[in-house]
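Engineer: Curious how this folds, go ahead:
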Amino acid sequence: MIKVLITGANGMLGIAISKRLTSVELFTFTSKELDITCAHKVQEKVASLRPDYIINCAAYTAVDLAEEQREKAFKINTTAVEKLAQIAAQYEATLIHFSTDYVFDGTSNIPYQPHDITNPINEYGASKLAGEKAIEMLASKYYIFRISWLYAPFGKNFFTWLTTTDQQQLNIVTSQVGSPTSALSVANFIHHVIKQDPLQYGLYHYVDQGKVSWYEFALKINELAELKKGIHAVDHYPTAAQRPAYSVMDTSKTEEVFKYLLSPYQIELEKVIEGL
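Structural biologist: Okay, here's the model as predicted:
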């Protein structure tokens, strides 16, 4: 039976993937149970368990806070990932790692390809890009999946905020365009990857299909979840970190290599709402 070790099992992706994987020997560790910044502890676990796959769901994801906590962001998203890549290579495990659309600057007006030039405009994106490069340099068997606008029916994210806030009138920005992606959708895909691994290691994009602004996404959630909130468009909302104005990513390489048809974001959103 395939052995799978998951780090960051208490986060959105970690929870979703842990619930979805079946017919595998699964070892899940929350960030407290296994801190990826403690390389010797990670090495001890990998040495004793000898997983076939290490799925790294641990990350520093506080985009705005990263502007003032740069050192912490890089410690988790870069240095720890570098060590994880070395450990995976040492024990011949396949490393599955998640990156972000924030590696791009958002100046494009067509979907970004995996090989397109990166130019992060915030510290979070810079730390994630450095993590990608470390894996590409050090890991022998790896998949890096860039995802965007991640949400789930649990955890702290745009969807859970919108569906639980007491505010009835909400101002949502129109100035950022991307692809909302369900953690449940990502989990289904990772299950597919492990079951039918094509052994074509590298960097890929995975997002639910379609492009919307945060405002349009809020309207769709409001409609499908029957929230009856007032959703109002605003051009700009002040944040500590800059966000790319356009971060839609092309997934044709992913669909071709993994023989996997990605769903429209509206379908995945409906599934999340139906499960509430």
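Engineer: C-alpha only now, for contacts and for neighbours.
Structural biologist: OK.
Engineer: So in this structure, which helix runs the longest?
Structural biologist: Longest helix of the chain, by residue count under DSSP state H: helix 123-138.
Engineer: Go through that helix and flag the buried ones.
Structural biologist: 123-132, 134-136, 138 (16 or more other Cα atoms under 10 Å).
Engineer: Could you export these as JSON lines, including distance to P244?
Structural biologist: Below are the buried residues of helix 123-138 laid out as JSON lines (distance: Cα to Cα, whole Å):
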{"residue": "E123", "distance to P244": "12"}
{"residue": "Y124", "distance to P244": "12"}
{"residue": "G125", "distance to P244": "10"}
{"residue": "A126", "distance to P244": "13"}
{"residue": "S127", "distance to P244": "15"}
{"residue": "K128", "distance to P244": "15"}
{"residue": "L129", "distance to P244": "14"}
{"residue": "A130", "distance to P244": "18"}
{"residue": "G131", "distance to P244": "19"}
{"residue": "E132", "distance to P244": "19"}
{"residue": "A134", "distance to P244": "23"}
{"residue": "I135", "distance to P244": "24"}
{"residue": "E136", "distance to P244": "24"}
{"residue": "L138", "distance to P244": "29"}
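Engineer: neighbouring contacts of stretch 116-125?
Structural biologist: Applying Cα atoms under 8 Å, 6 or more residues apart in numbering, the external contacts of stretch 116-125 come out as 60-63, 66-67, 70, 73, 100-105, 126, 129, 241-244.
Engineer: please redo it, this time with the cut-off set to 10 Å
Structural biologist: 60-71, 73-74, 77, 99-107, 112, 126-129, 131, 240-244 (Cα atoms under 10 Å, 6 or more residues apart in numbering).
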